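>>> Dropping the sequence and predicted coords here.
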Amino acid sequence: MNEIDSRIPADWFARADKDLAAARHLLGESEVVFVAPAAMLLQQGVEKYLKGYLLSRGWKLKRTHDLFELLENAFPAASEMTRFEAACIRITEYYTEQRYPPLLSSDLSREEVHQSLAEADELIVEIKRRLASPR
């Protein structure tokens, strides 16, 4: 992260909501489906929600795209959050697969990304619930 990146959680949530809206749009019902860009935007949205949550808890902003790492930092003792670990690992892979030329190519399906988006939505609901409750 550089010095001009916001440390304000609401800024991160606003950007995350735009990324997730764009992912939903790209996965829409049209005949042309942009699954790979939608998957990458999904990862970006979840990353920003986790970083926003961490910032709200006094975390020092760090450059990482690893959702599993961010999840562990955000909820180190919350055993109920382990249900999101597999989704975070899978969604992180979307980012690296789309950003860098792969050694092995994997074809993402619209259904797989839709399922990951549903899991991300559940995580975001939990983040918002925790933000609304006292520390």
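Sure, I can see it.

>>> for this structure, what helix or strand is lowest in average pLDDT?
In the chain, no helix or strand scores lower on mean pLDDT, DSSP states H and E than helix 85-99, which sits at a mean of 90.

>>> Which elements pack onto that helix?
Applying 3 or more C-beta pairs under 8 Å, 6 or more residues apart in numbering; DSSP states H and E, one finds that helix 85-99 contacts helix 35-56, helix 67-74, helix 110-132. C-betas here are computed from N, CA, C, even on glycine.

>>> Which of those helices sits closest to Glu85?
With C-beta to C-beta as the criterion, Glu85 lies closest to helix 67-74 of the helices and strands packed on helix 85-99, at 6.2 Å.

>>> buried set for the closest one?
Leu67, Phe68, Leu70, Leu71, Asn73, Ala74 (16 or more other C-beta atoms under 10 Å).
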